[in-house]
Structure formats: C-alpha cells, structure tokens
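S.K.: Sequence first, then the predicted structure, then my questions.
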Amino acid sequence: MLESIGAEALRETLITFRTTLRAHMEGINRLNVYPVPDGDTGTNMARTLDAVVKELEGAAVDMGGTCDAIAHGSLMGARGNSGVILSQVMRGLVAKLRGVTGGSATAAEFADALKSASVASYEAVLKPIEGTILTVVRETADAAVVAASRGENLVNMLRVARSAGREALANTPELLPVLKDAGVVDAGGAGFMLFIDSALHVVAGDALPEPEVVDGPSAEQLEAVSLRAGADGAV
C-alpha cells in the first residue's frame with residue numbers, strides 16, 4: 001500500500017482510468033439521458049482520456065511534467081460536454097498536485113486536489129445542475145477532505161471518498177428528475193467513480209469493478225424523458 005501518490009502512481013492511475021473507462025464505456029453510454037439522450041458520455045470521456053495518455057507518453061516523468069501532460073492532454077482532447085467537464089476535473093486536480101512537497105501527495109494533499117477538481121468542474125459550467133457528475137465529484141471530494149482531516153491514511157481516505165461518491169451517484173435520480181424518469185443514474189458521475197476505483201487499484205491493489213450489463217432506459221422511460229424535455233423546453 002502506498003502512503004502517498006507520486007508521479008509514477010499518478011500516471012498509472014490515469015492509464016488505469018482510461019483502460020477501465022473503455023471497458024465500461026458502452027454501459028455508461030446506455031446511462032446517458034442528460035443533457036440529451038445521445039448515448040455518447042462514455043465515448044467522449046474515453047476519448048478525452050486517450051488524449052491524456054498519449055500526452056503522458058512523451059512527458060517528463062516527474063510530478064511537474066506529469067501534471068502538465070494531464071492538464072494539456074485533457075484540455076486539447078476534451079470531447080463533448082462530458083469530456084469538457086472531465087478535463088476541468090483533471091485540470092483542477094493537477095493544479096494542486098503540481099506543487100506538492102517532495103513531488104508526492106499525502107492523503108491530505110490528494111484530498112485537497114480532489115476539492116480543487118470539484119471547484120474547477122463547477123466553474124466550467126454556466127449553470128451547474130445538481131444530480132450530475134458535479135454532485136458526485138463534490139461529495140467525493142468533501143468526504144475525502146473530512147477523512148484526511150481526521151488523520152486517515154491515503155488508502156482509507158480514498159475508500160471513504162469512494163463510499164461517499166457511490167452514495168452520491170446512487171442518489172442522482174432524486175436530484176435530477178429526468179434520471180428518475182429514465183431509471184438510471186448519472187452517466188458522467190458513473191464515469192468519474194472509475195477514477196477513484198483506479199486510484200485505489202494503484203495505491204492499494206483493490207480490484208477494479210467489472211463491467212455490468214446495462215439495459216438503459218426502456219421505450220416507455222425514453223418517452224417520459226421526451227415528455228419532460230418538451231415540458232421544460234430542454235432536457
């Protein structure tokens with residue numbers, strides 16, 4: 001188990017995140033009903049991470065070079081709404097990690113970086129909507145900060161954060177009625193949780209979640225989504 005996250009672990013986390021997201025991509029696409037049911041959230045997040053991984057391949061291996069590559073790759077490779085928000089999450093994260101003491105982030109420093117990621121994601125959206133990836137990132141980060149303030153080590157802090165994030169994801173239909181109409185959780189939030197899963201896989205060897213068979217909304221549920229869109233003027 002790692003006590004801190006250095007450049008090598010951060011790189012491995014992003015590579016694992018990309019690989020895991022690709023494995024879950026089709027299931028995440030089937031969850032995608034907000035802001036429009038176009039089934040591309042998983043694809044856009046994966047393409048954004050492809051650009052990050054490609055940028056890492058030619059970057060300096062220290063923390064500064066790693067963070068610069070993640071920031072630049074996510075910015076230039078962002079695809080669609082979900083990719084743009086994910087890019088801001090990544091850029092907010094590395095903005096804090098770039099300056100960590102000794103080039104390796106403690107539990108408290110990584111928790112602060114998650115909080116920075118949350119702030120950046122909200123700032124990227126003109127009108128933030130709760131029940132989306134924004135909520136999931138925020139509640140994950142808030143739990144991480146509280147756990148770190150209690151003196152939890154890196155692994156325990158991440159496990160607390162993951163638990164809070166999963167709870168937040170499960171609650172997204174209660175915050176965003178279109179998700180409840182469709183019988184799904186937020187697709188972007190589901191994608192983000194794979195980042196925390198990837199971090200725990202790297203620092204503690206936790207098993208990565210297996211892709212699930214996701215049916216997505218039924219025809220009747222999609223009709224309910226369309227009716228709500230018509231009533232609201234937009235989904």
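M.R.: Okay, I see it. Just so it is clear, the structure is predicted and the values come from calculations on it, not from any experiment.
S.K.: Which helix runs longest in this protein?
M.R.: The helix that spans the most residues within the chain, counting by DSSP state H, is helix 7-31.
S.K.: now for it, which elements pack on it?
M.R.: Applying 3 or more CB pairs under 8 Å, 6 or more residues apart in numbering; DSSP states H and E, we find helix 7-31 packed against helix 41-57, helix 63-77, helix 187-204. Glycine gets a C-beta too; all of them are placed from N, C-alpha and C.
S.K.: deepest of these, which one?
M.R.: Highest mean neighbour count among the helices and strands packed on helix 7-31 (mean count of other CB atoms under 10 Å): helix 187-204, with a mean of 25.
S.K.: tell me the mean pLDDT for that one?
M.R.: Across helix 187-204, the average pLDDT comes to 98.
S.K.: for stretch 52-67, same thing?
M.R.: Taken as a whole, stretch 52-67 has a mean pLDDT of 96.
S.K.: Restrict it to CA atoms and write it as CSV.
M.R.: This file holds the C-alpha atoms of stretch 52-67, laid out as CSV (Å, rounded to 0.1, in the frame of the first residue of the first chain):
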residue,chain,number,x,y,z
VAL,A,52,-4.2,12.4,-21.7
VAL,A,53,-2.5,9.0,-22.0
LYS,A,54,-0.9,10.0,-25.4
GLU,A,55,0.4,13.2,-23.8
LEU,A,56,1.9,11.3,-20.9
GLU,A,57,3.9,9.1,-23.3
GLY,A,58,6.1,12.0,-24.3
ALA,A,59,6.2,13.9,-21.0
ALA,A,60,8.9,14.2,-18.3
VAL,A,61,8.4,11.6,-15.6
ASP,A,62,8.5,13.9,-12.6
MET,A,63,5.4,15.3,-10.9
GLY,A,64,5.5,18.7,-12.8
GLY,A,65,5.9,17.0,-16.2
THR,A,66,3.1,14.5,-15.4
CYS,A,67,0.7,17.2,-14.2
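S.K.: starting at the chain centroid, how far to it?
M.R.: Computed by CA atoms, centre = their mean, to the nearest Å, the separation of stretch 52-67 from the middle of its chain amounts to 19 Å.
S.K.: How much space separates Pro177 from Arg79?
M.R.: Spatial separation of Pro177 from Arg79 under the definition CB to CB, to the nearest Å is 27 Å.
S.K.: Comparing the two, which residue is more hemmed in?
M.R.: Just comparing Pro177 and Arg79: by other CB atoms under 10 Å the higher neighbour count belongs to Arg79, 19 against 15.
S.K.: With distance to Val119 added, can I get the helices and strands packed on helix 7-31 in JSON lines?
M.R.: Shown next, in JSON lines, are the helices and strands packed on helix 7-31 (distance: least, CB to CB, whole Å):
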{"stretch": "helix 41-57", "distance to Val119": "19"}
{"stretch": "helix 63-77", "distance to Val119": "15"}
{"stretch": "helix 187-204", "distance to Val119": "15"}
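S.K.: Sweet, I'm off.
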